[in-house]
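Visitor: Build the 3D model from these lines:
(chains A and B)
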Number of protein chains: 2
Amino acid sequence: MKPNEIRGFFASWEDLEPERYLRLDYYIECVGDPEEAAAHFCSEQSTAQWRRVGYDEDLRSRFAAKVLELKVENTHSDFSYPVRFRRRTPVSACRVKIAHPYANFGARIPNLISAVCGEGTYFSPGIPIVKLLDIDFPDAFLAEMEGPAFGIEGLRDLLQVYDRPIFFGVIKPNIGLDPLSLSDLGYEGLVGGLDVAKDDEMLADVDWCPLDARSGLLGKARRRAEEVTASRKIYLANITDEVDRLCALHDLAVKNGANAVLVNAMPVGLSAVRMLRRHARVPLIAHFPFIASFSRLPNFGVHSRVLTKLQRIAGFDAVITPGFGDRMMTADEDVLANVDACVTEMTGMRPCLPVPGGSDWAGTLEVVYRKLGSVDFGFVPGRGVFGHPMGPRAGAASVVQAWDACRKGISIDDHAAVNPELQAAITAFRSSGAPPQT
Amino acid sequence: MKPNEIRGFFASWEDLEPERYLRLDYYIECVGDPEEAAAHFCSEQSTAQWRRVGYDEDLRSRFAAKVLELKVENTHSDFSYPVRFRRRTPVSACRVKIAHPYANFGARIPNLISAVCGEGTYFSPGIPIVKLLDIDFPDAFLAEMEGPAFGIEGLRDLLQVYDRPIFFGVIKPNIGLDPLSLSDLGYEGLVGGLDVAKDDEMLADVDWCPLDARSGLLGKARRRAEEVTASRKIYLANITDEVDRLCALHDLAVKNGANAVLVNAMPVGLSAVRMLRRHARVPLIAHFPFIASFSRLPNFGVHSRVLTKLQRIAGFDAVITPGFGDRMMTADEDVLANVDACVTEMTGMRPCLPVPGGSDWAGTLEVVYRKLGSVDFGFVPGRGVFGHPMGPRAGAASVVQAWDACRKGISIDDHAAVNPELQAAITAFRSSGAPPQT
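Guide: Here you go, the predicted model:
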């Protein structure tokens, strides 16, 4: 690109109509002139050839993505990660903020993904290393998206629980049990104090455990637990399946007594979730399979915060994400970024419940609460409840007891002296932790 | 895990019923005992807690994923990529082959993804670095998938072209032109010798270029070009959009004269593609946005070959992938792995057309042909045709001329002496190449 061509891909935010642009924040590592690389980066994600041969025209003013800010943070002798690239050192590590005119594709999730983390992003000249760190949407874009139908408030209203975290429990063993065995376990967990008995994210509508039978029994178990405990409960049915079955499975599960449904967001596709959102009558809960494959490495891929935002605008009422602790291999700041993406102000979008999970048991509850500084979260043990040595009713009780301790400002060890379920959890899980499986 | 527990996750292929298992090939980097890590890896992707508290049962024989082969390739003092992990050196770099009983979830793409590259894969104890390298399906699984309706043979029958590569051209400028301008360009390209005039993967059903008007005009342009050239042509309409619009947009485009449709596979979701496949009456062509975000790094994520296989079984008749050359930052062996995934024997699955693309122009055609050793591929220049200095008709002609040279065994420079379009392409693109945008 020539210098005057490069300038066509730069702008200042003040000179643009803010309602027309997504704002994108990327980390890039490039060779050559960073300004030229950033201009190519904008060109490739928008109007790559901006005039026809033989025409005096320039499509860039309306259609080009534009660099708002370019900071060279460091120069290195090589890329962060070895890649197949003809090296021309030095490598410049940059942050680049871009305004992308979303009318190029409209308020459509697949086309958004194709533009902001598609071919243009990952095959731009001189930039083999890219991570999309964040995305912000103008109000006009958000106005076209449905977002959560229930959100945190709706979930709390459903459960009539307002002053503490929501206690989920993933029924375990996750794979291999028949519907009756699962519903027995789920009932125990709910009676013990869980708010939500949850299908595992890998449990499908399979012949050895069909959704119809499972949701029928667990729907009944949920209602019985509501009667016994005189409180509201949720059976969260996993309806992750082929896209053309989602709405029918939702209807089946809800008819049978499921009052929330789980969908594995990326495997099903965010656009399919948006379709389901328009149909659904109960809260939609997201699980996170596949997301680590493009978000774990700090300098390449797409930050999980971007996916959390997309899950929220697609319509999820709660988003399960990797939580704190060594076991989940996720930096605290990334866990917190996902939580923030759930609750940050987005015009017209209800906050959705953040559910940072993994390896949880009674003993990890206070840590999560302290790190979040809020009761607006879901806590999602699996084996921490269903692998409890005294059984799932006691496992659920141990979580409730841990919250009592936290609320009273006493240590769980002191509280365990008068709560055998909590004591048994400490004995079983403190040294080794409860393996994850949210 | 205890030694006897670890053994429950190992098996030899001879002792298993092959029709019940997917075979998975992973690269992993682990700390601690590799056998224990591999056992956890299987456990996490299948039945993580294999017995209820208080029951004498073992769900593993039927439901556990099992290690078939574990090879420690190297030991290192650290992981390939820095990750948030409490380090316990040394790191063992391993290849692990796994048999995964697919009845755990059935022949469902979202549930398959959730199992083989989901939470279990990326959050297994001691294994922060994972790449799913390959997947093989038993015939029983494939029998439940539709696969390509047309495949290579169907596409060739549609075009009546059997003895050479299929020439695609991506109409450029890709973003910003009205339907009439696009159809004029497409017509020129088709008359010049393209088989397929293709919408860019970023071109959506937008108000400045609605699919109805665009496909109407390009459908007509395709038919006029067929008359003028007395040959069959394809207008490939991009219908990438929200999932609940896919089938309607297919119907609209086809009614208007599109005779193939383009879908961005990952942004739309493979399961939505499968839904479309059951509905579609024309070939489905896949484009590759987003895939680089989890496939580029050699030791982390998911190999693009796996995605190519999944795109084929979901029903795509042609799969556009990153092609050869520095510009696409993809190792030749990875390009070839994707090509192989399109055409390799899979029981009951038609081969789909591999279309390795990026930065192509007349001068890159022979290289692609030689590297593939077959005429069964699509060649997909964008600016190499539509940025040609003499216009798109000449740009398309230059590709045809390059193929003539290749077929006759003469150099394009010799052939250019009597073919001014080819000469102009060489002058314009040889030094700098034609930037990609397939």
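
Visitor: Contact partners for whatever residue of the stretch 101-250 of chain A ends up closest to chain B?
Guide: Proximity of the stretch 101-250 of chain A to chain B (CB to the nearest CB) peaks at A:Gly118, 3.0 Å away. (C-beta placed from N, C-alpha, C; glycine too.) In this structure, A:Gly118 makes contact with A:45, B:201-202, B:264, B:267, B:289-290, judged by CB atoms under 8 Å, 6 or more residues apart in numbering or on different chains.

Visitor: which one of the residues you listed is nearest B:Arg224?
Guide: Closest to B:Arg224 out of these is B:Glu201 (25.1 Å), distances taken as CB to CB.

Visitor: wait, the closest one sits on B:Asn264?
Guide: Yes. Assessed by CB atoms under 8 Å, B:Glu201 is found in contact with B:Asn264 at 5.5 Å.

Visitor: Residues in contact with both of these two, list them for me.
Guide: Between them, B:Glu201 and B:Asn264 share these contacting residues under CB under 8 Å, 6+ apart: A:114, A:118, B:238, B:240, B:287, B:289.

Visitor: roughly how far apart are the second one and A:Gln311?
Guide: Counting by CB to CB, to the nearest Å, the separation of A:Gly118 from A:Gln311 is 19 Å.

Visitor: so how far is stretch A:80-94 from its chain's centroid?
Guide: Centre-to-centre, stretch A:80-94 and its host chain are 30 Å apart (CA atoms, centre = their mean, to the nearest Å).

Visitor: buried sites along that stretch?
Guide: Within stretch A:80-94, the residues that qualify as buried by neighbour count (16 or more other CB atoms under 10 Å in any protein chain shown) are A:80-81, A:83-85, A:91-94.

Visitor: measure that stretch end to end?
Guide: 12 Å (CA to CA, to the nearest Å).

Visitor: quick one: average pLDDT of that stretch?
Guide: Per-region confidence: stretch A:80-94 scores 88 on mean pLDDT.

Visitor: for the stretch 101-250 of chain A, what spans make up the strands?
Guide: The residue ranges that make up the strands of the stretch 101-250 of chain A, judged by DSSP state E, counting those that start in this stretch, are A:129-136, A:166-170, A:196-198, A:234-238.

Visitor: what does the host helix or strand of A:Asp251 rub up against?
Guide: According to DSSP states H and E, A:Asp251 maps onto helix A:246-255. When contacts are taken as CB under 8 Å, 6+ apart, the neighbours of helix A:246-255 outside the stretch itself are A:205, A:211-212, A:215, A:219, A:237, A:239, A:241, A:261, A:263, A:268, A:272, A:275-276, A:279-282.

Visitor: From those residues, list just the buried residues.
Guide: Among those, those classed as buried by neighbour count (16+ other CB under 10 Å) are A:205, A:211, A:215, A:219, A:237, A:239, A:241, A:261, A:263, A:268, A:272, A:275-276, A:280, A:282.

Visitor: So which of those residues are in helices?
Guide: Using DSSP state H to define helices, the subset of these located there is A:211, A:215, A:219, A:268, A:272, A:275-276.

Visitor: just curious, which of the residues you listed is nearest to A:Ser295?
Guide: Using CB to CB, A:Val268 is the member of these that sits closest to A:Ser295, with 17.5 Å.

Visitor: And the closest residue in space to A:Ala425 that isn't next to it in sequence, how far from A:Asp404?
Guide: With sequence-adjacent residues excluded and distances taken as CB to CB, 6 or more residues apart in numbering or on different chains, A:Ala425 is closest to A:Ser398, at 3.9 Å. Relative to A:Asp404, A:Ser398 is positioned 11 Å away (CB to CB).

Visitor: between these two, which one's more packed in?
Guide: Under the criterion of other CB atoms under 10 Å in any protein chain shown, the comparison of A:Ser398 against A:Asp404 puts A:Ser398 first, with 33 against 15.

Visitor: The strands of the stretch 101-250 of chain A: which one's closest to B:Ile171?
Guide: Evaluated over those, closeness to B:Ile171 peaks at strand A:129-136, with 26.2 Å, by CB to CB.

Visitor: what's that closest one packed up against?
Guide: Helices and strands touching strand A:129-136, as assessed by 3 or more CB pairs under 8 Å, 6 or more residues apart in numbering or on different chains; DSSP states H and E, comprise strand A:21-31, helix A:119-122, strand A:301-302, helix A:304-314.

Visitor: any idea of the angle it forms with helix A:304-314?
Guide: Interaxial angle of strand A:129-136 relative to helix A:304-314 (axes from the mean of the first three to the mean of the last three CA atoms, to 10 degrees): 40 degrees.

Visitor: got JSON lines for the strands of the stretch 101-250 of chain A, with distance to B:Leu132 and mean pLDDT too?
Guide: Formatted as JSON lines, the strands of the stretch 101-250 of chain A follow (distance: least, CB to CB, whole Å; pLDDT from 0 to 100):
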{"stretch": "strand A:129-136", "distance to B:Leu132": "21", "mean pLDDT": "98"}
{"stretch": "strand A:166-170", "distance to B:Leu132": "24", "mean pLDDT": "97"}
{"stretch": "strand A:196-198", "distance to B:Leu132": "26", "mean pLDDT": "98"}
{"stretch": "strand A:234-238", "distance to B:Leu132": "22", "mean pLDDT": "98"}
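
Visitor: most tightly surrounded among those strands?
Guide: When you average the neighbours per residue for each of the strands of the stretch 101-250 of chain A (mean count of other CB atoms under 10 Å in any protein chain shown), strand A:196-198 leads with a mean of 30.

Visitor: Touching that strand from outside, list them.
Guide: Residues external to strand A:196-198 that are found in contact with it (CB under 8 Å, 6+ apart): A:166-171, A:186-187, A:189-190, A:218, A:221-222, A:233-236, A:238, A:260, A:262, A:285, A:378, A:380.
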